[in-house]
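J.: Need coordinates for the below:
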Amino acid sequence: MNIAPNYISILFVATTLATIYFFYLASHKSKIGLFIIFGWLVLQSAIATVGFYLNTNTIPPRFLFLVLPPVLLIIILFNTKKGILFIDKLQLKYLYLLHVVRVPVEIVLYYLFIHKMVPQLMTFEGRNFDILSGLSALFIYYFGFYKNRLSNKILLTWNILCLLLLFNIVINAVLSAPFSFQQFAFDQPNIAVLYFPFNLLPAVVVPLVLFSHLVAIRQLLKVGSNRNMV
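T.: The predicted model follows:
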């Protein structure tokens, strides 16, 4: 296989840090939240660096350790009083800015495809239209919060549509990875997520993007939501 050049790794690390930064702002600069995210980032970076995820023949797949803990944490937050309190205080305007990182993520995926680390179907030339979420996020932020011209219904619709786009690429990415249940891209599978720093995409970036959508949907469905602009 081809190893991705350093500039791709640097771009992705910068994108990951930007994702965390926007979430940090949305959480009113919660140091506890930042500590948890960075602790998880450091742990996953260390595990991937020693080649833990390169063994794809284990049952269950080691890949689950990348995605299962963040998903469980999201479930816990939405089902506990302290979690709900944290969720309802998050500032939506920063969560919408967070989605802008989906543009550089798509650029990274495209270059990873060129270097044969992901299949074409995971790029905007294939089945991945998630770049539309990132591009439209600036529009949503400007007209929804800066100008306050978008209704909650429009914002809710945007979140649902972008959530579907996220599910689309996640499903295709998982089914393109070299696991026992692989369904796509046998000639050029999704191996990038097995290596640092690209393992941080399913471990950190995608969970924060997913969580941001779920938080926005909850807040927008609340009666009298003020979009937590403060």
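J.: give the contact list for the spatially most central residue of the chain.
T.: Compute the mean C-alpha point of the chain, and by Cα atoms, centre = their mean the closest residue is Val206, 1.8 Å away. Contacts for Val206 (Cβ atoms under 8 Å, 6 or more residues apart in numbering) come out as 67, 166, 170. C-beta coordinates here come from the backbone N, C-alpha and C atoms, glycine included.
J.: And it, which helix or strand is it part of?
T.: Taking DSSP states H and E as the criterion, Val206 maps to helix 206-221.
J.: how much space between Ser212 and Ala4?
T.: According to Cβ to Cβ, to the nearest Å, Ser212 stands 27 Å off from Ala4.
J.: what's the answer for Val193, then?
T.: Per Cβ to Cβ, Val193 is found 12 Å from Ala4.
J.: do the same with Leu220
T.: In terms of Cβ to Cβ, Leu220 sits 38 Å off from Ala4.
J.: can you check Lys82 too?
T.: Distance, Lys82 to Ala4, by Cβ to Cβ: 40 Å.
J.: more crowded one of the two?
T.: When neighbours are counted by other Cβ atoms under 10 Å, Ala4 comes out ahead of the other of Lys82 and Ala4, with 22 against 9.
J.: Could you check the pLDDT of the more buried one?
T.: We note a pLDDT of 84 for Ala4 in this prediction.
J.: For the chain, which residues score under the pLDDT cut-off?
T.: 1-2, 223-230 (pLDDT under 70).
J.: related to what we said a few turns ago, nearest to Thr49 among the contacts of Val206?
T.: The closest of these to Thr49 turns out to be Val67 (Cβ to Cβ; 18.4 Å).
J.: list the contacts for that closest one?
T.: 202-203, 206-207.
J.: give me that answer again for 6 Å
T.: Pro202 (Cβ atoms under 6 Å, 6 or more residues apart in numbering).
J.: how close does it sit to Ile217?
T.: For Val67 relative to Ile217 (Cβ to Cβ), the value is 20 Å.
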